[in-house]
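A.B. asks: Attaching a predicted model along with its sequence, questions to come.
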Amino acid sequence: MAKIGTYIQESVDELFNKVSWPTWSELQSSSVVVMVASIIFALVIFAMDSSFSRVMKIVYGLFE
């Protein structure tokens, strides 16, 4: 049980004293990068899905 207490104390010490937390402006700029990348990724997937759907409609139309 003492090992668990030591582990928690060391974890808290590391979080407060050894970790370098980003500034508010760094967080904002990182968030914008993630948001833009997510939008681009979603648009690429949408374009691929739409293209595949159109191709499959053409292929299925050949066998009617």
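C.D. replies: Noted; the coordinates are in hand. A quick note: this is a predicted structure, and the numbers were derived from the prediction, not measured.
A.B. asks: Just name the shakiest helix or strand of the chain by mean pLDDT.
C.D. replies: Using mean pLDDT, DSSP states H and E, helix 2-13 stands out as the lowest-scoring helix or strand of the chain, at a mean of 92.
A.B. asks: Mind listing what's buried along it?
C.D. replies: Residues of helix 2-13 classed as buried by neighbour count (16 or more other CB atoms under 10 Å): none. Backbone N, C-alpha and C define where each C-beta goes, glycine included.
A.B. asks: Dump the C-alpha coordinates for that helix into CSV.
C.D. replies: Included here for helix 2-13 are C-alpha records, laid out as CSV according to Å, rounded to 0.1, in the frame of the first residue of the first chain:
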residue,chain,number,x,y,z
ALA,A,2,2.9,2.3,0.7
LYS,A,3,4.1,1.9,-2.9
ILE,A,4,0.8,3.2,-4.2
GLY,A,5,1.1,6.3,-2.0
THR,A,6,4.7,6.9,-3.2
TYR,A,7,3.6,6.5,-6.8
ILE,A,8,0.8,9.1,-6.4
GLN,A,9,3.1,11.5,-4.6
GLU,A,10,5.8,11.2,-7.3
SER,A,11,3.2,11.5,-10.1
VAL,A,12,1.8,14.7,-8.5
ASP,A,13,5.3,16.1,-8.0
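A.B. asks: who touches Ala2 in this structure?
C.D. replies: The neighbourhood of Ala2, defined by CB atoms under 8 Å, 6 or more residues apart in numbering, contains no residues.
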